[in-house]
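1. Just to be clear, the model below is a prediction. Sequence and coordinates:
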Amino acid sequence: MQDTFKYKGMRKKLINELRDKGIGQESILKAFDSVPRHYFLDNAFAEQAYSNMPFQIGSGQTISHPYTVAFQTQLLDVNRGDKILEIGTGSGFQTSILCALGAKVFSIERHKPLHLKAKTIIQKLGFTPRLSFGDGYKGLPLYAPFDKVIITCGAPKIPKDLVDQLKIGGVMIIPIGEGDEQEMKRITKISETDLEIEEFGVFSFVPMLEKRVK
Ligand code: SAH
């Protein structure tokens, strides 16, 4: 894969679209400029890589719309050095955006072929997140607590183990709902027992499923 002036130009256009749709954090727009989305797609889709569309990435899964990635990232309010757990590595695009923002990223994927493919691409880009093949419902207790958690698949409910692995004051961005549509929620862990829950509109994700698949 090569980055060319043509792709760079397409990226600028996408960034303007994201800005028009309300993505105001300049650091996020800069991260979108520095991560070539076409690297994460089959060659056949490369020409459309910078349109605001989801695409098949194998194992029946999809890479999210660029707007959805930008929106979740903006809600997450990433600071350099934040320790972030991502559930659903998928293509690795969202993982790379978080790395470009200077976060220390831990990401889990339940489909082995996707985990391996994402690893190769992310390494080529020079990012160094910790990528795990496993069931995201369990999180990564060995590396907890996390400042932030981002879930990039639709969860039927708030996964308790993941709340346990969040720091007090930490936030989780999670689309919740069964079926084709979910409500985007921001969960703030106020204390060991109290959560604040805010809602940010309807999105459509592939489901968060249990157990890993080889
Ligand atoms: N962040 C990804 C989005 C991929 S779609 C990207 O930028 O491309 C969501 C991903 O979540 C899929 O790859 C799916 O296999 C994965 N997933 C679903 N349930 C999971 C679970 N319990 N643990 C880990 N990954 C899961």
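-> Alright, I've got the coordinates. Values in this document were obtained by computation on a predicted structure and should not be read as measured data.
2. When you work out contacts or count neighbours from here on, use the C-alpha atoms and nothing else.
-> Will do.
3. Which helix or strand contains the spatially most central residue of the chain?
-> Most central in the chain under Cα atoms, centre = their mean is residue 94, positioned 3.7 Å from the mean C-alpha point. Following DSSP states H and E, one finds residue 94 within helix 93-100.
4. Run the contact check for that helix versus the ligand.
-> Yes. Remark: helix 93-100 sits within contact range of the ligand at 93, 94, by Cα under 6 Å from any ligand atom.
5. Now do the next helix-or-strand element following that helix: everything it contacts.
-> Next helix or strand after helix 93-100 toward the C-terminus (DSSP H and E): strand 104-109. Applying Cα atoms under 8 Å, 6 or more residues apart in numbering, the external contacts of strand 104-109 come out as 81-90, 95, 98-99, 115, 129-136, 139, 212.
6. Who are the packing partners of the next helix or strand after strand 104-109?
-> For strand 104-109, the succeeding helix or strand toward the C-terminus, using DSSP H and E, is helix 112-125. Applying 3 or more Cα pairs under 8 Å, 6 or more residues apart in numbering; DSSP states H and E, we find helix 112-125 packed against strand 130-133.
7. Show me what the longest helix seen in the chain is packed against.
-> Longest helix in the chain by number of residues (criterion: DSSP state H): helix 5-20. If contacts are counted by 3+ Cα pairs under 8 Å, 6+ apart, helix 5-20 sits against helix 26-34.
8. in the helix or strand hosting residue 174, what's buried?
-> Taking DSSP H and E as the definition, residue 174 sits inside strand 166-176. Within strand 166-176, the residues scored as buried using 16 or more other Cα atoms under 10 Å are 166, 167, 168, 170, 171, 172, 173, 174, 175, 176.
9. Export only the CA atoms of it, formatted as CSV.
-> Backbone C-alpha positions of strand 166-176 (Å, rounded to 0.1, in the frame of the first residue of the first chain) are rendered in CSV as follows:
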residue,chain,number,x,y,z
LEU,A,166,-12.2,1.5,34.8
LYS,A,167,-10.6,4.1,37.1
ILE,A,168,-12.8,6.2,39.4
GLY,A,169,-13.4,9.3,37.3
GLY,A,170,-12.9,7.3,34.1
VAL,A,171,-15.3,7.2,31.1
MET,A,172,-16.6,4.4,28.9
ILE,A,173,-18.0,5.2,25.4
ILE,A,174,-20.4,2.4,24.5
PRO,A,175,-23.2,1.8,22.0
ILE,A,176,-25.9,0.0,23.8
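10. Tell me if it is near the ligand.
-> No. If you take Cα under 6 Å from any ligand atom as the test, strand 166-176 misses the ligand, and the best it gets is 11.0 Å.
11. avg pLDDT for that strand?
-> Averaging pLDDT along strand 166-176 yields 98.
12. Please name every helix or strand in contact with that strand.
-> Partner elements for strand 166-176 (3+ Cα pairs under 8 Å, 6+ apart): helix 66-76, strand 146-151, strand 182-189.
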